[in-house]
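[1] Provided below are the primary sequence and the corresponding predicted coordinates.
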Amino acid sequence: MKAVIPAAGLGVRFLPLTKDQPKEMLPVVHKPTIQYVVEEAVAAGIDDILIITGRGKRSIEDHFDRSIELECALDQNGRRKELAEVMRIANMATIHYVRQKVQRGLGDAVLLARQHIGDEPFAVMLGDTINLSAVPVVRQLMDVRKEMGGSVIAVEPVPRDKVRDYGMIKGARISDRLYEIEDLVEKPSPEDAPSDLGITGTYVLSPRIFDCLERTPPGRGGEVQLTDALRLLSKEERVYGLQFEGRRYDIGDKLGWLKTTMELGLDDPELGPPLREHLRALISQKT
């Protein structure tokens, strides 16, 4: 299976941080956000990845490319550990790139993958969402797809005050964590949400989604919404929502990024202990 990682957004919620730096390249402890996404795909057995980029996103390509000058410098200075890591990053998957030349939304970005994907099911993994789990979340979706067919979307309960930021599903429960989706609504008001289950940014999709995307008119802001196309798809074939096992970290805004960096930093065996002591001292000073 191939994976598509949309990473073409302007990152306006991070300005001025993202004026000349992709939000997907914002660091979370030891590595940029998008590296976590690629590593999840690789851990799930996916080694053919298409990243949808845009203007000003060249640093993403550079990060997953080789840097001969850096490798030589590390080698000459005996930095074996660092050399092994930069070589691993450059060789862990075959990564292709397509540019979204005009910002027309997530649905339009996914549609740009059609030629690369062909007529096979594929994964979509947002470039600003980190999943940490014993079994990669995308692998959990792939397993459901293998058993049930159709398309599978990762979902989780969303707090009422966050509903406006998510696509929300209406579904019939099949098992403890699996739902057959009956309807989807993009960013509803809390009063109009069909459930508390929100779409979290990881998908395994049938190639029929491309035809649905072509038939999906632009919505708010002139953007083609993937959720709207999934609504069409759910009328033509089965679409499932899986309440996955694991923890999702949303890097979609500054507060989410800071919380994620802090939590993963505290969990880090090297940085966690001194960071914890610093925070304790800082909190005592502030209180």
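    Good, I have the coordinates. Numbering: from 1, shown residues only.
[2] so what does the host helix or strand of V110 touch, helix or strand wise?
    Under the criterion of DSSP states H and E, V110 resides in helix 106-111. With contacts defined as 3 or more CB pairs under 8 Å, 6 or more residues apart in numbering; DSSP states H and E, the packing partners of helix 106-111 are strand 2-6, helix 209-214, helix 226-236. No exception for glycine: its C-beta is placed from N, CA and C like everyone else's.
[3] How far away from the center of its chain is that helix?
    In terms of CA atoms, centre = their mean, to the nearest Å, the centre of helix 106-111 is set 14 Å apart from its chain centre.
[4] do the same with stretch 86-104
    The chain centroid and the centroid of stretch 86-104 are separated by 14 Å under CA atoms, centre = their mean.
[5] mean confidence score for that stretch?
    Mean pLDDT, stretch 86-104: 94.
[6] Leaving out sequence neighbours, find the closest residue to G256.
    In space, and not counting its chain neighbours, G256 is closest to D250: 4.5 Å by CB to CB, 6 or more residues apart in numbering.
[7] if I look at that neighbour, how far off is E236?
    Distance, D250 to E236, using CB to CB, to the nearest Å: 30 Å.
[8] For the protein, just list every one of the strands.
    2-6, 27-28, 31-32, 48-53, 94-99, 122-125, 129-132, 151-157, 167-173, 178-186, 197-205, 239-243, 247-250 (DSSP state E).
[9] any chance of these in TSV, plus mean neighbour count and distance to E270?
    Listed next are the strands of the chain as TSV, based on neighbours: other CB atoms under 10 Å; distance: least, CB to CB, whole Å:
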stretch	mean neighbour count	distance to E270
strand 2-6	25	28
strand 27-28	16	15
strand 31-32	18	13
strand 48-53	22	28
strand 94-99	15	28
strand 122-125	26	27
strand 129-132	21	17
strand 151-157	24	30
strand 167-173	19	37
strand 178-186	19	38
strand 197-205	24	28
strand 239-243	25	33
strand 247-250	17	19
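[10] okay if I get these as a markdown table plus distance to D65?
    Shown next, in a markdown table, are the strands of the chain (distance: least, CB to CB, whole Å):
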| stretch | distance to D65 |
| --- | --- |
| strand 2-6 | 16 |
| strand 27-28 | 18 |
| strand 31-32 | 14 |
| strand 48-53 | 12 |
| strand 94-99 | 9 |
| strand 122-125 | 20 |
| strand 129-132 | 22 |
| strand 151-157 | 29 |
| strand 167-173 | 33 |
| strand 178-186 | 35 |
| strand 197-205 | 25 |
| strand 239-243 | 34 |
| strand 247-250 | 26 |
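[11] give me the low-pLDDT residue ranges for the stretch 151-287 of the chain?
    For the stretch 151-287 of the chain, no stretch has pLDDT under 70.
[12] rerun that using 80 as the cut-off
    Scanning the stretch 151-287 of the chain for pLDDT under 80 picks out 220-221, 286-287.
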